[in-house]
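Quick one, structure for this:
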Amino acid sequence: MSGYLEMVDGPAHVRKLTVEQMTELAAELRQELITKLSKNGGHLGPNLGVVELTLALHHTFATPRDKFVWDVSHQSYVHKLLTGRKDRFHTIRTTGGLNGFALRTESEHDCYGAGHAGTALSAALGMCAARDQRGSDEHVVCIFGDAALTNGISFEALNNIAQTTKRFIGILNDNEWSIAKNVGAIANYLNKLITHPRYNRLQKDFARLLRRMPKGEIALMLAHKAEEGFKSAMTEVSLQQNLNPMDADGRGGFGNSLIFEEMGLRYLGPFDGHDLRMLVNCLEFARTCDHPIVLHVLTKKGKGYDVALAQPEKFHGTGPYDIATGAGPSPKPGSPPNYQDVFGQAMVKLCQKDNTLVGITAAMPSGTGLKALEKALPQRYYDVGIAEEHAVLFAAGMATMGFHPVCAIYSTFLQRAYDCIIHDVAIQDLPVIFCMDRAGLSANDGPTHHGLFDIAYLRCVPNLIAMAPKDEDELVDMMFTASHQQHPAFIRYPRGAAEGVPIKDHPRLLEIGKAEIIKNFSQKPGRKVALFGLGNLQKLARQAAEQLAAEDFDCAIINPRFTKPIDEGTTSFFGRSADVVVTIEDHVLNGGYGSAVLELFSDRHLSTPVVRIGWPDQFIEHASTVDHLREKYGLTAANIVAKVKAEFSSMPAHHQAIVTAVA
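Below is the predicted model of the structure:
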């Protein structure tokens, strides 16, 4: 760290810098991002793209009094560097370090926490309404990406802004990407807006004019050009050139600003998001505007680092990398594939044999593994943008026509479509298949991305089947099984490497609601413990069983497979034959698989003690590794052994005597 960055300890210092000094600081910030993130990874590309924009924001406004609301907030790294956190920036996304997203408890400069897209416009409008209610005069600036406009919540907010407040500043950060390339009509609309030659020429002329005018004239000229030039000139361009106006935006305008203007927001842009002088001038005008305003800013994802520019999808969120080449660490020979890649390859094979299967992703083709289907069978692949609700409804519609749509959506993101799961899929009992990646922890990302609630939020919904595979071979079996059902089916599996188990050439059908007994009790007398290890924590059950066996416990190991319906017969059998039952799940304890076992035991009047291992009733923080968090919260073999022994110790004396006598 050197130069201006070393001297900047807070936003007040940024406000004292000239444009020329901020230009030098921008280069230093980019170098800091590239260097520090090469160690632990992070959202490099998006942050390289907003360096100048973030500097201009802090130069013009004064946080924490003024509020910056970042959509998703994965692009807030530069903001963190400028708000007193530069000395800890090397800790980002590691145990005890800075969070990878905006976090209210981390800094007074983070006014709103987020991790999902589409939340910023509504949240910022709520802040504006609260400000207006109490009669204060702080500014609220909402920075939202073009990808956020594929999310329905954003339009719900846009529909309400002009009716709610007179002072709202929106920054449309347009880099043409969310994680993958943006798709759909909104992306096409913005592209027309940006690429029309007359529009661009008008914008460049306006930029030159801005630089010549004294500051006092900027507001007047901006208003005239915005209203007369950007609105009216472009709406007539298609007619002047004898173009079919309906070939443009369907409203008689070729790439005009109607989408914002007709919602009552003044629209200015598009502007070069890397031109600091232009950005500062525009933001200065926005500060004085007495009408809701949107500034359309064009940025380049990965700017300043050629490797990130060339691979924007990879460097949206990356692990550690070599700065010179951008290459990540080479996998160790023989390393098992990631679950997402197993899913992706299985989808290709299943689709090749079953014409009713299609794949649907909500802007996560690489993250879910559906990129493989896009390449192999593009006609069977759909990317709907960041619109999980639409993805589920879209799948429901296809299912009514005899298809088995496969929605590949992270567990944490599927929460956003919960109403659609119930109202549109489950009530109609439609055969939509949900493959929920990132079930369990997403350690570096933290609470917004942990998938720890899906068992609970699905258990209470009728008609559905919910599964959790113990390994990659069973994942493929479950996908195959789901494709043969006429009910909604959900499969949860974790982020990262699978178990290294060979995958059969031909998957097999699983009996619905039937568990797998990995190891039964021996015929010998002794203290009997039944361990139900769900999904990827099956290996934890095996580890605990080995340690318990070393202390003369007789252990049975069961792979539950299904969380709805659970195997009542097998579960009750071990409830009657075991002295202690242990349930192990990568999920919160409240409402999870262990809760289902307790409910069954209660219904069947079984008094066998149940030791439940899972995540506590709190939001789990981020950390460097999953193992660190499991150790901290007791999802370990050692803790299972300790809890089992404690359960035996707490048994009534007469019961202990019976167990001891039998042993």
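
from here on, contacts and neighbour counts on C-alpha atoms
Noted.

so what's Q485 up against?
P431 (CA atoms under 8 Å, 6 or more residues apart in numbering).

Before we move on, what's the pLDDT of it?
If you check Q485, the pLDDT there is 98.

And what about it, helix, strand or coil?
Counting by DSSP: H, G, I helix; E, B strand; the rest coil, the backbone at Q485 sits in coil.

ok, now R612?
Taking three-state DSSP, the label given to R612 is strand.

For the strand or helix carrying F144, enumerate the helices and strands it packs against.
Applying DSSP states H and E as the criterion places F144 in strand 140-145. Strand 140-145 is packed against strand 67-70, helix 120-134, strand 169-174, with contacts defined by 3 or more CA pairs under 8 Å, 6 or more residues apart in numbering; DSSP states H and E.

The same query, at a cut-off of 6 Å, please.
strand 67-70, strand 169-174 (3 or more CA pairs under 6 Å, 6 or more residues apart in numbering; DSSP states H and E).

following the longest helix anywhere in the chain, which helix or strand comes up?
Ranked by residue count and defined by DSSP state H, the top helix of the chain is helix 19-40. Per DSSP H and E, the first helix or strand lying C-terminal to helix 19-40 is helix 44-49.

what about Y267, how many residues close to it?
23 (other CA atoms under 10 Å).

per-residue confidence at it?
89.

correct me, but it touches V294?
Yes - counting by CA atoms under 6 Å, Y267 does reach V294; the two are 4.9 Å apart.

winner for burial among the helices and strands packed on strand 140-145?
strand 67-70 (a mean of 26; mean count of other CA atoms under 10 Å).

so where is this protein shaky, pLDDT-wise?
Along the chain, the model assigns pLDDT under 70 to residues 1-2, 177-258, 653-663.

which outside residues touch the lengthiest strand in it?
What stands out as the longest strand in the chain, according to DSSP state E, is strand 580-588. Strand 580-588 is contacted from outside by 440, 452, 529-534, 594, 609-616, using CA atoms under 6 Å, 6 or more residues apart in numbering.

what pairs with that strand, and is each one parallel or antiparallel?
Under the criterion DSSP bridges, strand 580-588 sits next to strand 527-533 (parallel), strand 610-615 (parallel) in its sheet.

next one: the longest one to chain centre, how far?
The chain centroid and the centroid of strand 527-533 are separated by 36 Å, computed with CA atoms, centre = their mean, to the nearest Å.

what does stretch 155-166 give?
The answer for stretch 155-166 is 26 Å, by CA atoms, centre = their mean.

what do you get for stretch 82-101?
With CA atoms, centre = their mean, you get 19 Å for stretch 82-101.

what does stretch 563-571 give?
31 Å.

For it, C-alpha coordinates in PDB please.
Extracted in PDB, the C-alpha atoms of stretch 563-571 (Å, rounded to 0.1, in the frame of the first residue of the first chain):
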ATOM      1  CA  THR A 563     -36.200 -35.800   4.500                       C
ATOM      2  CA  LYS A 564     -39.800 -36.000   3.100                       C
ATOM      3  CA  PRO A 565     -41.200 -38.600   3.400                       C
ATOM      4  CA  ILE A 566     -38.800 -40.000   6.000                       C
ATOM      5  CA  ASP A 567     -38.600 -43.800   6.300                       C
ATOM      6  CA  GLU A 568     -40.900 -44.200   9.300                       C
ATOM      7  CA  GLY A 569     -40.400 -48.000   9.400                       C
ATOM      8  CA  THR A 570     -36.600 -48.000   9.500                       C
ATOM      9  CA  THR A 571     -36.500 -45.000  11.800                       C
END
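
For the stretch 501-650 of the chain, just list every one of the strands.
With DSSP state E, counting those that start in this stretch as the criterion, the stretch 501-650 of the chain has strands at 516-519, 527-533, 553-559, 562-564, 580-588, 610-615.

With mean neighbour count and distance to T571 added, can I get those in a markdown table?
Below are the strands of the stretch 501-650 of the chain laid out as a markdown table (neighbours: other CA atoms under 10 Å; distance: least, CA to CA, whole Å):
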| stretch | mean neighbour count | distance to T571 |
| --- | --- | --- |
| strand 516-519 | 14 | 10 |
| strand 527-533 | 26 | 9 |
| strand 553-559 | 23 | 9 |
| strand 562-564 | 24 | 11 |
| strand 580-588 | 25 | 9 |
| strand 610-615 | 22 | 12 |
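
And the contacts of stretch 404-423?
356-361, 388-389, 395, 431-439, 449, 451.

Among those, which are located in strands?
Using DSSP E, the contacts of stretch 404-423 in strands are 357-361, 433-436.

ok, and the most crowded of those residues?
Neighbour counts for the ones in strands among the contacts of stretch 404-423, by other CA under 10 Å, peak at I433, which reaches 30 neighbours.

returning to what we had before: out of the strands of the stretch 501-650 of the chain, flag the one nearest V140.
Nearest to V140 among the strands of the stretch 501-650 of the chain is strand 580-588; the distance by CA to CA comes to 35.9 Å.

relative orientation of that closest one and strand 553-559 in degrees?
40 degrees (axes from the mean of the first three to the mean of the last three CA atoms, to 10 degrees).

start at 43 instead
Fine by me, first position is 43 from now on; the one you just mentioned is strand 622-630.

And the helices in the stretch 493-642 of the chain?
Using DSSP state H, counting those that start in this stretch, the helices of the stretch 493-642 of the chain run over 496-501, 514-524, 580-591, 610-619, 635-645.

Report the buried residues of the longest one.
Pointing back at helix 580-591 there. 580-590 (16 or more other CA atoms under 10 Å).

for F595, what are its contacts?
R569.

mind checking how far it is from R618?
As judged by CA to CA, to the nearest Å, F595 and R618 stand 17 Å apart.

Same check on G194?
51 Å.

and what of Y154?
Y154 sits 51 Å away from R618, going by CA to CA.

Of the two, give the one with the bigger neighbour count.
The residue with more neighbours, out of Y154 and R618, is Y154; 22 against 14, by other CA under 10 Å.

can you pull the contacts of the more buried one?
R146.

If we use 7 Å, what do you get?
Applying CA atoms under 7 Å, 6 or more residues apart in numbering to Y154 gives the contacts 111, 144-146.

Out of these, which end up buried?
111, 144-145.

For G138, state which of the residues you listed is nearest.
L145 (13.5 Å).

Which secondary structure state does that closest one sit in?
Counting by three-state DSSP, the backbone at L145 sits in coil.

And it, how close does it get to L86?
With distances taken as CA to CA, L145 is found 18 Å from L86.

Tell me the buried residues in stretch 459-472?
Going by neighbour count (16+ other CA under 10 Å), the buried part of stretch 459-472 is 459-460, 462-464, 466-468, 471-472.

Now the two most distant members of those.
The widest separation within the buried residues of stretch 459-472 (CA to CA) is 16.3 Å, between A459 and D471.

okay, the strands of the stretch 543-692 of the chain in TSV with distance to I365 next?
Shown next, in TSV, are those (distance: least, CA to CA, whole Å):
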stretch	distance to I365
strand 558-561	46
strand 569-575	41
strand 595-601	44
strand 604-606	44
strand 622-630	35
strand 652-657	37
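
what's the closest of those strands to S692?
strand 622-630 (11.6 Å).
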